[in-house]
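K.L.:
I need the structure of the sequence given here:
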Amino acid sequence: MPRYHLQKKERAIRDQAELLRIIKKGKYLTLALCRNGEPYIVTLSYGYDESKNVFYFHSRRRGMKADFILGNPQVCATIIEDRGYIMNECAHEFRSVIIRGNMFFVESLEEKKYGMDILLKHLEDNPDKIRRESLSNDMVYRNLGILRLDVIEIQGKWGR
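P.N.:
Sure, this is the predicted structure:
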């Protein structure tokens, strides 16, 4: 499938540090999935591992999202930094990141712990409290659904 480019090239965010700031500031992304020609979209909180260039998500191991991922691991996602509607200008200021990659369920206990740690560090002010109260033993992790999005491409743009 051909890749489309921005029509207004001056709106591309090419600075990797700026893209990373948008990713780190965000708390959720909207994930687009497709299976047998049927689209599905879902919003998830995430954690981003910069060193591995992957996103981690907490998810149930069964259900529509799981069925779509198992049927087609190729996904597209977006993170939007909403800077607000500009009254009397019919304009909206934003920055967005579009991520393309492949989504998988994490199977190993060690990576589940690692992925959940990345997720908690991104979302929580006090991740140790959650670990102590909710993630106290290996059995909890064995039953936990953790998804990993292996990034192929990240692009950004801004608009007004």
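K.L.:
quick one, strands of the chain?
P.N.:
12-13, 28-35, 38-45, 47-49, 54-58, 74-86, 91-105, 146-159 (DSSP state E).
K.L.:
So in this structure, which helix runs the longest?
P.N.:
For the chain, the helix reaching the highest residue count under DSSP state H is reported as helix 109-123.
K.L.:
contacting residues around it?
P.N.:
Outside of helix 109-123, the residues that reach it under the criterion C-beta atoms under 8 Å, 6 or more residues apart in numbering are 24, 27, 45-49, 56-58, 106, 127, 130-131, 135, 138, 141-142, 144, 146, 148. (Each C-beta comes from the backbone N, C-alpha and C, glycine too.)
K.L.:
again with stretch 57-74
P.N.:
For stretch 57-74, contacts defined as C-beta under 8 Å, 6+ apart pick out 33-36, 40, 42, 44-47, 75, 100-105, 116, 119, 144-149.
K.L.:
mind exporting it as PDB, just the C-alpha atoms?
P.N.:
The C-alpha coordinates for stretch 57-74 follow below in PDB (Å, rounded to 0.1, in the frame of the first residue of the first chain):
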ATOM      1  CA  PHE A  57      -0.600  -1.700  27.200                       C
ATOM      2  CA  HIS A  58      -2.600  -3.500  29.800                       C
ATOM      3  CA  SER A  59      -5.400  -5.500  28.200                       C
ATOM      4  CA  ARG A  60      -7.700  -8.500  28.600                       C
ATOM      5  CA  ARG A  61      -6.500 -11.600  26.800                       C
ATOM      6  CA  ARG A  62     -10.000 -12.300  25.400                       C
ATOM      7  CA  GLY A  63     -12.400 -10.100  23.600                       C
ATOM      8  CA  MET A  64     -12.800  -8.100  20.400                       C
ATOM      9  CA  LYS A  65      -9.500  -6.300  20.600                       C
ATOM     10  CA  ALA A  66      -7.600  -9.600  21.200                       C
ATOM     11  CA  ASP A  67      -9.500 -11.200  18.300                       C
ATOM     12  CA  PHE A  68      -8.600  -8.400  15.900                       C
ATOM     13  CA  ILE A  69      -4.900  -8.400  17.000                       C
ATOM     14  CA  LEU A  70      -4.600 -12.200  16.600                       C
ATOM     15  CA  GLY A  71      -6.300 -11.900  13.100                       C
ATOM     16  CA  ASN A  72      -4.000  -9.000  12.000                       C
ATOM     17  CA  PRO A  73      -1.200  -7.700  14.100                       C
ATOM     18  CA  GLN A  74      -0.600  -4.600  11.900                       C
END
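K.L.:
With that, I have no additional questions.
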